[in-house]
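In: below is the sequence, then the predicted model.
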Amino acid sequence: AQSVSQHNHHVILSEAASLELGCNYSYGGTVNLFWYVQYPGQHLQLLLKYFSGDPLVKGIKGFEAEFIKSKFSFNLRKPSVQWSDTAEYFCAVQRGGGGADGLTFGKGTHLIIQP
Amino acid sequence: DAGITQSPRHKVTETGTPVTLRCHQTENHRYMYWYRQDPGHGLRLIHYSYGVKDTDKGEVSDGYSVSRSKTEDFLLTLESATSSQTSVYFCAISGPGLAGAEAFFGQGTRLTVV
(Lines give C-alpha, C1' and ligand atoms only; values in the text may rest on other atoms or scores of the structure.)
Protein backbone atom coordinates (compact mmCIF):
# COMPACT_ATOMS: atom_id res chain seq x y z
CA ALA A 1 0.00 0.00 0.00
CA GLN A 2 1.05 3.53 -0.64
CA SER A 3 1.53 6.24 1.96
CA VAL A 4 2.12 9.97 1.66
CA SER A 5 3.90 12.27 4.06
CA GLN A 6 3.57 16.04 3.99
CA HIS A 7 6.22 17.63 6.13
CA ASN A 8 4.58 20.87 7.10
CA HIS A 9 1.11 20.89 8.62
CA HIS A 10 0.91 24.67 8.99
CA VAL A 11 2.82 27.28 7.02
CA ILE A 12 2.52 31.04 7.41
CA LEU A 13 4.10 33.32 4.81
CA SER A 14 3.92 36.94 3.80
CA GLU A 15 2.74 37.97 0.36
CA ALA A 16 5.44 37.75 -2.32
CA ALA A 17 7.41 35.14 -0.37
CA SER A 18 8.48 31.95 -2.11
CA LEU A 19 6.74 28.71 -1.24
CA GLU A 20 7.88 25.13 -1.13
CA LEU A 21 5.72 22.38 0.37
CA GLY A 22 7.30 19.00 0.85
CA CYS A 23 5.72 15.68 -0.12
CA ASN A 24 7.23 12.23 0.07
CA TYR A 25 5.54 8.98 -0.77
CA SER A 26 6.30 5.34 -0.22
CA TYR A 27 5.54 2.89 -2.99
CA GLY A 28 7.95 0.78 -4.99
CA GLY A 29 6.14 0.76 -8.32
CA THR A 30 4.98 3.25 -10.89
CA VAL A 31 2.96 6.10 -9.43
CA ASN A 32 0.88 9.02 -10.53
CA LEU A 33 1.29 12.11 -8.37
CA PHE A 34 -1.06 15.00 -7.69
CA TRP A 35 -1.38 18.21 -5.78
CA TYR A 36 -4.86 19.37 -4.87
CA VAL A 37 -5.94 22.63 -3.24
CA GLN A 38 -8.96 23.20 -1.04
CA TYR A 39 -10.02 26.80 -0.48
CA PRO A 40 -12.01 27.47 2.70
CA GLY A 41 -15.44 25.84 2.52
CA GLN A 42 -14.87 24.42 -0.94
CA HIS A 43 -14.14 21.11 -2.59
CA LEU A 44 -10.76 19.89 -3.78
CA GLN A 45 -9.43 21.23 -7.04
CA LEU A 46 -6.50 19.89 -9.03
CA LEU A 47 -3.40 22.09 -9.08
CA LEU A 48 -1.17 19.81 -11.11
CA LYS A 49 -0.40 16.19 -11.87
CA TYR A 50 2.48 13.99 -12.95
CA PHE A 51 2.09 10.73 -14.83
CA SER A 52 5.32 10.49 -16.82
CA GLY A 53 7.76 12.55 -18.86
CA ASP A 54 9.29 15.84 -17.77
CA PRO A 55 9.65 15.66 -14.00
CA LEU A 56 9.06 19.39 -13.67
CA VAL A 57 5.32 19.91 -13.91
CA LYS A 58 3.58 23.25 -14.25
CA GLY A 59 0.07 23.71 -12.97
CA ILE A 60 -2.52 26.40 -12.56
CA LYS A 61 -2.06 29.71 -10.74
CA GLY A 62 1.72 29.72 -11.10
CA PHE A 63 2.34 26.51 -9.15
CA GLU A 64 4.88 23.90 -10.19
CA ALA A 65 6.15 20.64 -8.75
CA GLU A 66 9.21 18.52 -9.30
CA PHE A 67 9.19 14.75 -9.23
CA ILE A 68 12.47 13.32 -7.92
CA LYS A 69 12.20 9.58 -8.27
CA SER A 70 15.35 8.79 -6.28
CA LYS A 71 13.97 10.72 -3.31
CA PHE A 72 10.34 9.60 -3.69
CA SER A 73 9.43 13.26 -3.55
CA PHE A 74 7.01 15.58 -5.30
CA ASN A 75 7.46 19.02 -3.79
CA LEU A 76 5.17 21.90 -4.66
CA ARG A 77 6.63 25.36 -5.37
CA LYS A 78 5.52 28.85 -6.18
CA PRO A 79 7.99 31.73 -6.55
CA SER A 80 5.73 34.45 -5.18
CA VAL A 81 2.59 33.74 -3.18
CA GLN A 82 -0.53 35.86 -2.98
CA TRP A 83 -3.10 36.33 -0.23
CA SER A 84 -5.55 34.33 -2.37
CA ASP A 85 -3.29 31.26 -2.06
CA THR A 86 -4.47 30.81 1.54
CA ALA A 87 -5.88 27.27 1.50
CA GLU A 88 -5.27 23.65 2.42
CA TYR A 89 -2.91 21.77 0.08
CA PHE A 90 -2.93 18.02 -0.35
CA CYS A 91 -0.39 15.79 -2.01
CA ALA A 92 -1.78 12.51 -3.34
CA VAL A 93 -0.43 9.38 -4.98
CA GLN A 94 -2.10 6.77 -7.14
CA ARG A 95 -0.71 3.51 -8.32
CA GLY A 96 0.18 3.91 -11.96
CA GLY A 97 -1.16 1.83 -14.79
CA GLY A 98 -4.62 3.20 -15.44
CA GLY A 99 -6.66 1.16 -12.98
CA ALA A 100 -9.48 2.24 -10.71
CA ASP A 101 -7.27 2.69 -7.66
CA GLY A 102 -8.24 5.63 -5.58
CA LEU A 103 -5.89 8.31 -4.34
CA THR A 104 -3.88 8.10 -1.15
CA PHE A 105 -3.64 11.55 0.38
CA GLY A 106 -1.22 13.19 2.74
CA LYS A 107 -2.65 14.86 5.81
CA GLY A 108 -2.52 18.27 4.23
CA THR A 109 -0.71 21.56 4.73
CA HIS A 110 -2.66 24.56 5.90
CA LEU A 111 -1.13 27.60 4.21
CA ILE A 112 -1.86 31.10 5.47
CA ILE A 113 -0.65 34.10 3.49
CA GLN A 114 -0.50 37.33 5.43
CA PRO A 115 -1.05 40.58 3.50
CA ASP B 1 -16.60 22.30 -12.51
CA ALA B 2 -17.25 18.63 -13.22
CA GLY B 3 -20.90 17.59 -13.13
CA ILE B 4 -21.00 16.03 -9.69
CA THR B 5 -23.87 16.58 -7.28
CA GLN B 6 -23.86 15.33 -3.73
CA SER B 7 -27.00 15.18 -1.62
CA PRO B 8 -27.74 16.13 0.99
CA ARG B 9 -25.14 18.85 1.54
CA HIS B 10 -25.69 18.89 5.29
CA LYS B 11 -27.27 16.32 7.58
CA VAL B 12 -27.63 15.85 11.30
CA THR B 13 -28.66 12.40 12.42
CA GLU B 14 -28.91 10.40 15.61
CA THR B 15 -26.64 7.58 16.67
CA GLY B 16 -27.91 4.22 15.49
CA THR B 17 -29.94 5.47 12.54
CA PRO B 18 -29.19 4.50 8.95
CA VAL B 19 -28.02 7.26 6.61
CA THR B 20 -27.61 7.26 2.83
CA LEU B 21 -25.58 9.82 0.93
CA ARG B 22 -25.97 10.18 -2.80
CA CYS B 23 -23.49 11.10 -5.49
CA HIS B 24 -24.77 11.84 -8.97
CA GLN B 25 -22.55 12.53 -11.99
CA THR B 26 -23.34 13.72 -15.48
CA GLU B 27 -19.86 13.05 -16.94
CA ASN B 28 -20.34 9.33 -17.68
CA HIS B 29 -17.08 8.56 -15.87
CA ARG B 30 -16.51 4.91 -15.11
CA TYR B 31 -14.88 5.21 -11.71
CA MET B 32 -16.51 6.69 -8.62
CA TYR B 33 -15.18 7.08 -5.09
CA TRP B 34 -16.27 8.00 -1.59
CA TYR B 35 -13.78 9.70 0.73
CA ARG B 36 -14.11 11.11 4.20
CA GLN B 37 -12.18 14.17 5.36
CA ASP B 38 -11.23 14.63 8.99
CA PRO B 39 -8.89 17.19 10.57
CA GLY B 40 -5.38 15.80 10.83
CA HIS B 41 -6.14 12.86 8.56
CA GLY B 42 -6.52 14.38 5.13
CA LEU B 43 -8.88 12.41 2.91
CA ARG B 44 -9.28 8.67 3.27
CA LEU B 45 -10.89 6.32 0.79
CA ILE B 46 -14.00 4.51 2.03
CA HIS B 47 -15.21 2.57 -1.03
CA TYR B 48 -14.90 2.85 -4.75
CA SER B 49 -16.64 1.58 -7.85
CA TYR B 50 -15.08 0.55 -11.15
CA GLY B 51 -18.36 -0.02 -12.94
CA VAL B 52 -22.05 -0.66 -12.45
CA LYS B 53 -22.47 -3.19 -9.64
CA ASP B 54 -18.67 -3.41 -9.27
CA THR B 55 -17.38 -2.02 -5.99
CA ASP B 56 -14.48 -2.55 -3.64
CA LYS B 57 -13.37 -1.51 -0.18
CA GLY B 58 -10.99 1.29 0.59
CA GLU B 59 -8.87 2.11 3.60
CA VAL B 60 -11.70 2.89 6.05
CA SER B 61 -14.67 0.81 4.91
CA ASP B 62 -15.90 -0.57 8.27
CA GLY B 63 -19.43 0.59 9.01
CA TYR B 64 -20.10 1.67 5.42
CA SER B 65 -21.65 0.02 2.40
CA VAL B 66 -22.08 1.25 -1.17
CA SER B 67 -24.18 0.52 -4.20
CA ARG B 68 -24.01 1.49 -7.83
CA SER B 69 -26.97 0.39 -9.92
CA LYS B 70 -26.45 3.02 -12.63
CA THR B 71 -23.35 4.65 -14.10
CA GLU B 72 -24.38 8.05 -12.80
CA ASP B 73 -25.26 7.22 -9.19
CA PHE B 74 -23.09 5.99 -6.32
CA LEU B 75 -24.70 5.64 -2.91
CA LEU B 76 -22.93 5.50 0.44
CA THR B 77 -24.85 4.00 3.36
CA LEU B 78 -24.02 4.14 7.01
CA GLU B 79 -25.90 1.14 8.33
CA SER B 80 -26.03 2.40 11.92
CA ALA B 81 -24.45 5.81 12.32
CA THR B 82 -21.94 6.39 15.11
CA SER B 83 -20.35 9.59 16.39
CA SER B 84 -17.02 8.53 14.87
CA GLN B 85 -18.65 8.84 11.46
CA THR B 86 -19.17 12.58 11.92
CA SER B 87 -17.16 13.90 9.01
CA VAL B 88 -17.23 15.62 5.66
CA TYR B 89 -17.83 13.13 2.86
CA PHE B 90 -16.61 13.76 -0.66
CA CYS B 91 -17.55 11.91 -3.78
CA ALA B 92 -15.07 11.83 -6.65
CA ILE B 93 -15.20 10.63 -10.23
CA SER B 94 -12.49 9.61 -12.63
CA GLY B 95 -12.33 8.30 -16.15
CA PRO B 96 -10.11 5.43 -17.11
CA GLY B 97 -6.88 6.37 -18.80
CA LEU B 98 -3.94 4.38 -20.09
CA ALA B 99 -1.70 5.67 -17.34
CA GLY B 100 -4.29 7.01 -14.95
CA ALA B 101 -6.58 9.98 -14.64
CA GLU B 102 -7.22 12.83 -12.28
CA ALA B 103 -10.16 12.74 -9.92
CA PHE B 104 -12.85 15.42 -9.82
CA PHE B 105 -14.51 16.07 -6.50
CA GLY B 106 -18.02 16.99 -5.47
CA GLN B 107 -18.90 19.79 -3.06
CA GLY B 108 -19.04 17.50 -0.05
CA THR B 109 -21.64 16.44 2.50
CA ARG B 110 -21.20 17.51 6.10
CA LEU B 111 -22.61 14.76 8.32
CA THR B 112 -23.03 15.18 12.06
CA VAL B 113 -24.00 12.20 14.20
CA VAL B 114 -25.36 13.21 17.61
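Out: Received, thanks.
In: beta partners for A:Gln94?
Out: Residues in a beta bridge with A:Gln94, per DSSP bridges, are A:Asn32.
In: show me what the longest strand along chain B pairs with in its sheet, parallel or antiparallel.
Out: Longest strand of chain B, by residue count under DSSP state E: strand B:42-51. Paired neighbours of strand B:42-51 in the sheet (DSSP bridges): strand B:31-38 (antiparallel), strand B:54-57 (antiparallel).
In: looking at these, spot the one closest to A:Ala1.
Out: With respect to A:Ala1, and counting by C-beta to C-beta, the nearest of these is strand B:54-57 at 12.5 Å. Any C-beta I mention is one placed from the backbone N, CA and C, and that applies to glycine too.
In: ok so, going back, mind listing residues that contact the longest strand of chain B?
Out: A:4, A:44, A:90, A:92, A:99-100, A:102-108, B:30-38, B:55-61, B:64-66, B:68, B:74, B:76, B:89-90 (C-beta atoms under 8 Å, 6 or more residues apart in numbering or on different chains).
In: helix, strand, or coil at A:Ser70?
Out: helix (DSSP: H, G, I helix; E, B strand; the rest coil).
In: ok, residue 18 - contacts?
Out: Let's take chain A. A:77-81.
In: chain B, not that one
Out: B:77-81.
In: top of those residues by number of neighbours, please.
Out: Highest neighbour count within these, by other C-beta atoms under 10 Å in any protein chain shown: B:Ala81, with 22 neighbours.
In: returning to what we had before: filter the contacts of strand B:42-51 to the buried ones?
Out: Neighbour-count burial (16 or more other C-beta atoms under 10 Å in any protein chain shown) applied to the contacts of strand B:42-51 gives A:4, A:44, A:90, A:92, A:100, A:102-108, B:30-37, B:55, B:58, B:60-61, B:64-66, B:68, B:74, B:76, B:89-90.
In: give me the pLDDT for the closest residue to A:Phe105 other than its chain neighbours.
Out: Leaving aside its sequence neighbours, A:Phe105 sits nearest to B:Gly42 (C-beta to C-beta, 6 or more residues apart in numbering or on different chains; 4.1 Å). Reading off the confidence values, B:Gly42 has pLDDT 91.
In: repeat that for A:Glu20.
Out: At A:Glu20, pLDDT is 97.
In: for it, give me phi and psi.
Out: Here is the backbone geometry of A:Glu20 (degrees, to the nearest 10): phi -140, psi 120.
In: want to throw the strands paired with strand B:42-51 into TSV with mean pLDDT?
Out: Output for the strands paired with strand B:42-51, formatted as TSV (pLDDT from 0 to 100):
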stretch	mean pLDDT
strand B:31-38	96
strand B:54-57	95
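In: off-centre distance for stretch B:34-54?
Out: Centroid displacement of stretch B:34-54 relative to its chain, using C-alpha atoms, centre = their mean, to the nearest Å, is 6 Å.
In: from B:Thr55, how far off is the residue nearest to A:Phe105?
Out: 22 Å (C-beta to C-beta, to the nearest Å).
In: related to what we said a few turns ago, in JSON lines: the strands paired with strand B:42-51, plus distance to A:Pro55.
Out: As requested, the strands paired with strand B:42-51 are arranged in JSON lines below (distance: least, C-beta to C-beta, whole Å):
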{"stretch": "strand B:31-38", "distance to A:Pro55": "26"}
{"stretch": "strand B:54-57", "distance to A:Pro55": "31"}
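In: run through the strands of chain B in chain order.
Out: So, for chain B - with DSSP E - the strands run B:4-7, B:10-13, B:19-25, B:31-38, B:42-51, B:54-57, B:64-70, B:73-78, B:87-94, B:104-105, B:109-113.
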